[in-house]
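Undergrad: fold the following and give me the result.
(one chain, ligands or ions: 1)
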Amino acid sequence: MHNVKTIINDVYYVGVNDRRITLFENTHPVERGMAYNSYVILDEKTVLLDTVDKADGQQFMENVIHALRGRDLDYLVINHMEPDHCGSIVDIMRRYPNVVLVGNSTTFRLLDQFYDIGLQGRKIDVKENDTLNIGKRTLRFFMAPMVHWPEVMVTFEESEGLLFSADAFGTFGALEGNLFADQINFAELLLDEARRYYSNIIGKYGAQTLSLLNKLEKLNIRFLLPLHGPLWRENISWYVDKYRRWASYTPEEKGVVIAFASIYGNTEEVIDILAGYLADLGVNNIRIHDVSSTDPSYILSDVFRYSGLIIASSTYNFKIFPRMETFLSDLVSSNMQKRSFAVIENGSWAPNVDSLVRPALAKLNNNSIINVEKFTVKSSLKTFQLDALRKLAQAIANTIIE
Ligand code: FEO
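TA: Residues are numbered from 1 along each chain as shown. A predicted model of the protein is given here:
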């Protein structure tokens with residue numbers, strides 16, 4: 001059964017929900033599933049903008065057929081070639097053999113890599129600022145390379161101000177009936193998932209995202225239509241501002257994330273005492289994550305939110321505790337900037353986390369390390385170290401409380 005929704009006259013939502021998926025990209029937990037958004041425009045020509053993951057291809061095809069009301073499909077605009085969006089292109093081409101694909105040269109190179117299909121006479125290769133007239137409406141294309149893949153572009157429908165924004169402005173989580181962000185309490189229900197989505201999917205490409213945001217400033221966007229999550233027709237500037245903060249690595253709030261790795265609880269004891277000192281000093285935003293039980297995507301998302309990060313880790317076979325190493329790798333990949341870091345190491349016979357973590361953090365630009373001196377715990381915290389821990393708490397609090 002189709003599940004098509006009207007956005008405005010002759011513009012339809014034909015996307016699908018996937019609540020069976022547990023790991024997006026087989027990596028990031030998505031307890032609330034995913035929405036793969038797709039859109040149909042009916043004009044003198046008919047247009048489909050992006051497809052969906054093949055896992056939900058049947059529902060998607062029913063939606064497209066219903067939205068087209070018996071008409072043929074003239075154009076398929078491919079804003080992004082990651083398989084969560086390109087997964088049903090081949091089925092669309094089989095169902096609509098006259099369809100012409102609209103993309104850029106990188107789109108078609110990736111299409112060739114993923115699928116063995118002939119595109120002779122069936123493609124329009126667009127470049128920056130090219131337009132496609134479809135009747136009363138005109139579509140304009142802007143390239144958005146590396147937001148999130150190199151071929152990404154966004155499509156702007158000029159008469160109604162519809163921006164089909166690809167992965168940008170997406171969220172984790174299936175849609176729950178309401179299509180638009182203004183119909184739900186987005187800040188309460190989905191902002192955390194939007195931030196986690198940005199941090200882990202696009203976060204590495206802040207400069208490229210800023211470049212896209214600068215292009216969008218010149219457009220009169222009335223509808224923001226991403227490939228995941230709710231659609232936007234109100235408060236667009238609020239959400240764009242969030243994106244500008246994330247893309248420029250500007251913390252949303254002063255606060256500290258404590259990511260710890262503790263094998264037998266001794267490192268956890270240290271960070272609990274430290275967190276208590278921070279609270280005593282008036283630090284309100286303290287988020288503690290055990291890397292052994294919290295997926296790194298959530299920790300990274302909190303690092304995008306807050307201004308400080310404390311890494312407290314056990315040593316493990318002369319190395320950083322493996323799950324902390326995974327988180328650190330994600331942190332370095334994100335190109336994080338403008339943060340204050342502190343490091344605490346623990347080890348019973350060869351504590352050396354500090355000497356491994358600092359070079360990793362040094363790969364990141366425009367950050368500061370709060371503790372110049374190592375803070376080393378040998379097996380467990382000792383009374384004589386409490387003064388030093390209080391001083392560390394004070395130095396951290398100094399970066400937070402103005
Ligand atoms: Fe939603 Fe980069 O794919």
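
Undergrad: then stretch 358-374 to PDB, C-alphas only?
TA: Extracted C-alpha coordinates of stretch 358-374, given in PDB (Å, rounded to 0.1, in the frame of the first residue of the first chain):
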ATOM      1  CA  ARG A 358      48.800  13.300  23.000                       C
ATOM      2  CA  PRO A 359      50.300  12.600  19.500                       C
ATOM      3  CA  ALA A 360      46.800  11.500  18.300                       C
ATOM      4  CA  LEU A 361      45.300  14.800  19.600                       C
ATOM      5  CA  ALA A 362      48.200  16.800  18.100                       C
ATOM      6  CA  LYS A 363      46.900  15.700  14.700                       C
ATOM      7  CA  LEU A 364      43.900  18.000  15.300                       C
ATOM      8  CA  ASN A 365      44.300  21.700  14.800                       C
ATOM      9  CA  ASN A 366      43.200  24.600  16.900                       C
ATOM     10  CA  ASN A 367      42.700  22.800  20.200                       C
ATOM     11  CA  SER A 368      44.400  23.200  23.600                       C
ATOM     12  CA  ILE A 369      45.600  20.600  26.200                       C
ATOM     13  CA  ILE A 370      44.600  21.600  29.700                       C
ATOM     14  CA  ASN A 371      47.100  19.500  31.700                       C
ATOM     15  CA  VAL A 372      50.600  20.200  30.600                       C
ATOM     16  CA  GLU A 373      51.900  17.600  33.100                       C
ATOM     17  CA  LYS A 374      50.900  14.000  32.800                       C
END
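
Undergrad: I'd say K5 and V11 touch.
TA: No - here K5 does not reach V11: they are 10.1 Å apart, not a contact under C-beta atoms under 8 Å. In short, each C-beta sits where N, CA and C put it, glycine included.

Undergrad: and the two? which has more neighbours close in?
TA: V11 (21 against 17; other C-beta atoms under 10 Å).

Undergrad: can you pull the pLDDT of that one?
TA: Looking at V11, its pLDDT is 98.

Undergrad: where's the residue lying closest to it once chain neighbours are set aside, which helix or strand?
TA: Leaving aside its chain neighbours, V11 sits nearest to I41 (5.4 Å; criterion: C-beta to C-beta, 6 or more residues apart in numbering). According to DSSP states H and E, I41 maps onto strand 39-42.

Undergrad: quick check: next helix or strand after that strand?
TA: Assigned by DSSP H and E, the successor of strand 39-42 is strand 46-49.

Undergrad: okay, the residue lying closest to M1 once chain neighbours are set aside and Y96: tell me how far apart.
TA: Leaving aside its sequence neighbours, M1 sits nearest to E62 (C-beta to C-beta, 6+ apart; 6.7 Å). Distance from E62 to Y96, counting by C-beta to C-beta, to the nearest Å: 14 Å.

Undergrad: if you count surrounding residues, which of those two has more?
TA: Using other C-beta under 10 Å as the criterion, E62 and Y96 rank with Y96 on top: 20 against 16.

Undergrad: tell me which parts of the stretch 51-200 of the chain are close to the ligand?
TA: Within the stretch 51-200 of the chain, the positions near the ligand by C-beta under 6 Å from any ligand atom are 80, 82, 84-85, 148-149, 167.

Undergrad: which single one of those is nearest to S340?
TA: Of all those, H148 has the smallest distance to S340: 27.9 Å, by C-beta to C-beta.

Undergrad: what does that closest one show for phi and psi?
TA: Note on H148: backbone dihedrals following degrees, to the nearest 10 are phi -130, psi -10.
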